[in-house]
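Asks: quick check, what structure comes out for this input:
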Amino acid sequence: MAGRIVGIDLGTTNSCMAIMDSGKSVIIPNSLGDRVTPSVVCVDEEKEILVGKTAKRAAALNPDRTVFSIKRHMGTNYRVTIDGKPYTPQEISAMILQRLKWDLEEYLGDEVDQAVITVPAYFTDAQRQATRDAGEIAGLTVRRIIDEPTAAAIAYGVDKEEDQILMVYDLGGGTFDVSIIEVIGGVFQVLAIKGNNMLGGDDFDQRIVEWLVEDFKQKHGIDLLQDRGTYYKLRNAAEQAKIELSNQQKSNILLEAIAMTDSGPLTLDVDLTRAKLESLIGDLVESTEKPSLQAIEDAGLTPSDITTVILVGGSTRIPLVQQSIQKVVSKEPRRDVNPDEVVAMGAAYQSSLLASLDDELESSAADRVPSDTPVIVHLTPFSLGVGLVNDQYGILIERNSTYPTEAKDYFTTTRDFQNAISFPIYEGEEQVASTNTFLDMLRIDGLPAAPRGIPRIEVTFRLNHDRILEATAKDLTSGIEVTVTVVATDNRLNDQEKGRMAREARQRVTRLLEQRVKETLFNQAESLIFRAEKMIGDNEDPTAMETRNIVDSLQKALDNSDTSQINSLMAKLTEQIAKLEAVEF
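Replies: Model (predicted):
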């Protein structure tokens, strides 16, 4: 029997997980009791993988072994090299997902092997493929890739009866999206999407860091960016100050012994005001206004048509950001939605839909969605097409098309007796094909000999629920047909690479289980020693002396990590404690 389906918001700065319980979406805390997990990975000197808060704390001491904001590199050929080993963005993301999976299973006491994972609405095909690969490497069957703004809209509007036009403003750690979503009678239809995959809270933090560095350099003549460990201290301090300034007018940034001179250590001690922060990040915040207005226009609406504004992402807590939104739509955003958790909650609702559909199909074999679940109509923010002669761009699926969808077009040869045609597949809006994002190559071979212009090749694009493209080319004369599931050719992982990464991930789980068992055993042994020592005290009774000898042997076994000896001596000490309880000292 398969494990349950969960919802995961795999964020740039923080990740969050949720499940459905009694018809409600519930956030699941991690093993530390926190409702969000920092999306940070550290590979320590013993090759152990630290994830979350422990990895974030390790950054200052292990700057070359710690990875932040890997989500910004999804779908690219970026690599992180640690101890000479290159790690792909998929591998690093899989480490985060694996940690979340582990925490979910510990909390639920049940296997978790399926997930709905959210991504920014403006993520490209390559970035979505990379996210799916990360889930598979982590041991998860990714049932659906869902846009973050859509997930947030579902979490907010699933139990609302009134029809609405929602504007979901999503400004997280690394990406920005704005989506216009119409909710009518339980149907969530995405009307328009705009965004920037390289704008977020990380950029705000960087502006603060640059200001701190320049201020310190002017005062002391020292460049703090010379040391990567110092950079992470500055980054953490900047992030904390930014958070504090959402609720107060001034934040003190104090970093003792941040630099050394011949005269001794130097301390960074400076006040950052909200006004100064706004001057540092004002242009970045303002840059979100044009895409927001464009999304409203693309939806065929005016700002006054927006009934509700939902905020997603921690950066939307910044007062200047909220003022910018009000400038665009002339209304205050909702404040009863947690911007850090709403996406994961929406993903959990989507997981419930899929689980219900599974039950429906299993019980009735009816291929239909249960009537009491929300219906989601997505759209793609990018056009999809093929490169043609003279670098022309033949678009098959227009931007802002709803999906799942299918589109066809017909092409022919440009040379006499041409026996093959290659169709480079692109994503983007430029008229010159090669200036768009290249995704993959669709090639059909073995065409019957014929003069140019005679063959008739049908090209079909199918965009599935995860906005992943399948392309087919068919020669209508011979019936020859070829189909490819499109992935970004330069950055994709082949089956062998994914298999290796998945094996390494499973090995990490095995080591983690072994470590957990070992830690439990050691804790039990130490508790037993404490109990025995408390009982015998300074007593010289033979039974007490015998007990002390066993305690000394058990302590030595603990020091040597000799698990077989520990188990044996614990059994002896348990028997000895029983004897002690029967003896009156």
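
Asks: please count neighbours and contacts with C-alpha atoms only from this point.
Replies: OK.

Asks: how far out from the middle of the chain is the longest helix seen in the chain?
Replies: Scanning the chain for the longest helix, with DSSP state H as the assignment, gives helix 495-536. Distance of helix 495-536 from the chain centroid (CA atoms, centre = their mean, to the nearest Å) equals 27 Å.

Asks: tell me what that helix is packed against?
Replies: Counting contacts by 3 or more CA pairs under 8 Å, 6 or more residues apart in numbering; DSSP states H and E, helix 495-536 is packed against helix 89-108, helix 125-137, helix 542-559, helix 563-582.

Asks: so for it, what's the average pLDDT?
Replies: The pLDDT scores in helix 495-536 average 78.

Asks: got it, and stretch 349-365?
Replies: Here stretch 349-365 scores 67 as its mean pLDDT.

Asks: next one: stretch 214-230
Replies: Stretch 214-230 comes out with an average pLDDT of 91.

Asks: now the strands for the stretch 1-150 of the chain?
Replies: 4-9, 14-21, 24-27, 37-38, 41-43, 49-51, 66-67, 80-82, 85-87, 112-119, 141-147 (DSSP state E, counting those that start in this stretch).

Asks: out of the ones you listed, nearest to Ile444?
Replies: Taking CA to CA as the criterion, Ile444 comes closest to strand 141-147 out of the strands of the stretch 1-150 of the chain, the separation being 29.8 Å.

Asks: could I get the buried residue list for the closest one?
Replies: Of all the residues in strand 141-147, those buried under the rule 16 or more other CA atoms under 10 Å are Thr141, Val142, Arg143, Arg144, Ile145, Ile146, Asp147.

Asks: hang on, the first one packs against Val112?
Replies: No - proximity of Thr141 to Val112 does not meet the contact threshold set by CA atoms under 8 Å, at 9.5 Å.

Asks: re the thing from before, turn the buried residues of strand 141-147 into a markdown table, columns for distance to Thr12 and pLDDT.
Replies: Listed next are these as a markdown table, based on distance: CA to CA, whole Å; pLDDT from 0 to 100:
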| residue | distance to Thr12 | pLDDT |
| --- | --- | --- |
| Thr141 | 21 | 93 |
| Val142 | 19 | 93 |
| Arg143 | 21 | 92 |
| Arg144 | 19 | 91 |
| Ile145 | 16 | 92 |
| Ile146 | 16 | 91 |
| Asp147 | 14 | 92 |
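
Asks: which of those sits closest to Ala571?
Replies: Comparing the buried residues of strand 141-147 against Ala571 with CA to CA picks out Thr141 as the nearest, at 42.8 Å.

Asks: now do the phi/psi pair for Val386.
Replies: The phi and psi values for Val386, taken as degrees, to the nearest 10, are phi -120, psi 150.

Asks: gap between the residue lying closest to it once chain neighbours are set aside and Leu463?
Replies: Leaving out its chain neighbours, the residue that sits closest to Val386 by CA to CA, 6 or more residues apart in numbering is Ile425, at 4.5 Å. Summarising the geometry, the distance separating Ile425 from Leu463, computed by CA to CA, to the nearest Å, is 13 Å.

Asks: compare neighbour counts for the two and give me the winner.
Replies: Each of Ile425 and Leu463 has its neighbours counted (other CA atoms under 10 Å); Ile425 has more, 26 against 22.

Asks: the more buried one contacts Leu442, doesn't it?
Replies: Yes - Ile425 is in contact with Leu442 according to CA under 8 Å; the separation is 7.0 Å.

Asks: okay, the biggest strand by length in the chain in CSV with CA atoms only?
Replies: Across the chain, the strand with the greatest residue count (assigned by DSSP state E) is strand 250-261. Listed next in CSV are the C-alpha coordinates belonging to strand 250-261 (Å, rounded to 0.1, in the frame of the first residue of the first chain):
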residue,chain,number,x,y,z
LYS,A,250,15.4,50.7,14.0
SER,A,251,17.5,47.6,14.3
ASN,A,252,21.0,47.4,15.9
ILE,A,253,23.5,45.2,14.0
LEU,A,254,26.3,44.1,16.4
LEU,A,255,29.0,41.7,15.3
GLU,A,256,31.9,41.5,17.8
ALA,A,257,35.4,40.7,16.6
ILE,A,258,34.3,40.8,13.0
ALA,A,259,37.9,41.7,11.9
MET,A,260,41.4,41.6,13.4
THR,A,261,44.1,44.3,13.4
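
Asks: can you count the residues close to Thr472?
Replies: Residues near Thr472, counting by other CA under 10 Å: 19.

Asks: wait, it sits on Val486?
Replies: No - using CA under 8 Å, Thr472 is not in contact with Val486, being 10.1 Å away.

Asks: which of the helices and strands packed on helix 495-536 is buried the deepest?
Replies: helix 125-137 (a mean of 25; mean count of other CA atoms under 10 Å).

Asks: for that helix, name the packing helices and strands.
Replies: Packing partners of helix 125-137 (3+ CA pairs under 8 Å, 6+ apart): helix 89-108, strand 141-147, helix 495-536.

Asks: no further queries at this time; thank you.
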